[in-house]
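Student: No letters, just coordinates:
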């Protein structure tokens, strides 16, 4: 089976709707009140898709992630995560250039070169230890920086939470070969790398599930939308958050 190039690590984890469990200090369940526009006009359909994704996670990915987390030594687990983070640096670099954030792009380039060489193809994150903090950029954030509105919230089958803008950007990334998978011609190797990436990412989210409270769909939707707004605005968000 050939996995699509568009299946980047964030989307592969997000396909089970749990990538969005981020360490937000407080997710406001009532953030989208009557005074604000409705970000989720397709909620009935989105909820149905969410139930499908959540079922796949519960009975497929989560058990595998738990087993992976139990058998993997911490140092090896960290090394795998570091490698995939390093493979994502070119994407951060391209998007920072497109957004005109040249200083951040320089950090991305320095991180990639340093971790690829001194860090042994990214196994060791020496760049962070030297004060070069990792950025997290994608084309959806670039479109947001260019002034493109997010549009309605969308729960994509398999791929998870998104918006009309971010879903379109994700598709564009896939068509452009915008991830490490596009550079791997050997299909078994590409699929193996993608599978390990997904399981490793999902295992890293196991401890965050305790943050969920109340309506799971609503909590994840609000957490994802607030986190995306935070990223698009580089942390310059309104006090309502």
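Tutor: Okay, I see it. Since the model is a prediction, treat every value here as computed from it, not as a measurement. Residues are numbered from 1 along each chain as shown.
Student: give me the low-pLDDT residue ranges for this structure?
Tutor: Scanning the chain for pLDDT under 70 picks out 1-36, 177-186, 237-241.
Student: could you pull out the helices for it?
Tutor: 9-14, 43-56, 62-71, 74-87, 89-98, 102-117, 126-129, 139-145, 164-175, 187-204, 216-232 (DSSP state H).
Student: Could you export the ones you listed to JSON lines, including columns for distance to residue 157?
Tutor: The way it works is simple: take the backbone N, C-alpha and C, and place the C-beta from them, glycine included. Shown next, in JSON lines, are these (distance: least, C-beta to C-beta, whole Å):
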{"stretch": "helix 9-14", "distance to residue 157": "11"}
{"stretch": "helix 43-56", "distance to residue 157": "5"}
{"stretch": "helix 62-71", "distance to residue 157": "18"}
{"stretch": "helix 74-87", "distance to residue 157": "24"}
{"stretch": "helix 89-98", "distance to residue 157": "24"}
{"stretch": "helix 102-117", "distance to residue 157": "32"}
{"stretch": "helix 126-129", "distance to residue 157": "35"}
{"stretch": "helix 139-145", "distance to residue 157": "18"}
{"stretch": "helix 164-175", "distance to residue 157": "11"}
{"stretch": "helix 187-204", "distance to residue 157": "16"}
{"stretch": "helix 216-232", "distance to residue 157": "15"}
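Student: Point out the most buried one among the ones you listed.
Tutor: Between the helices of the chain, helix 9-14 has the highest mean count of neighbours, a mean of 23, where neighbours are mean count of other C-beta atoms under 10 Å.
Student: From residue 171, how far out is residue 216?
Tutor: As judged by C-beta to C-beta, to the nearest Å, residue 216 and residue 171 stand 27 Å apart.
Student: returning to that earlier point: figure out which of the helices of the chain is closest to residue 158.
Tutor: Across these, residue 158 has its closest neighbour in helix 43-56 (6.8 Å, C-beta to C-beta).
Student: Just the angle for that closest one relative to helix 62-71, thanks.
Tutor: Helix 43-56 and helix 62-71 meet at an angle of 40 degrees, taking axes from the mean of the first three to the mean of the last three C-alpha atoms, to 10 degrees as the criterion.
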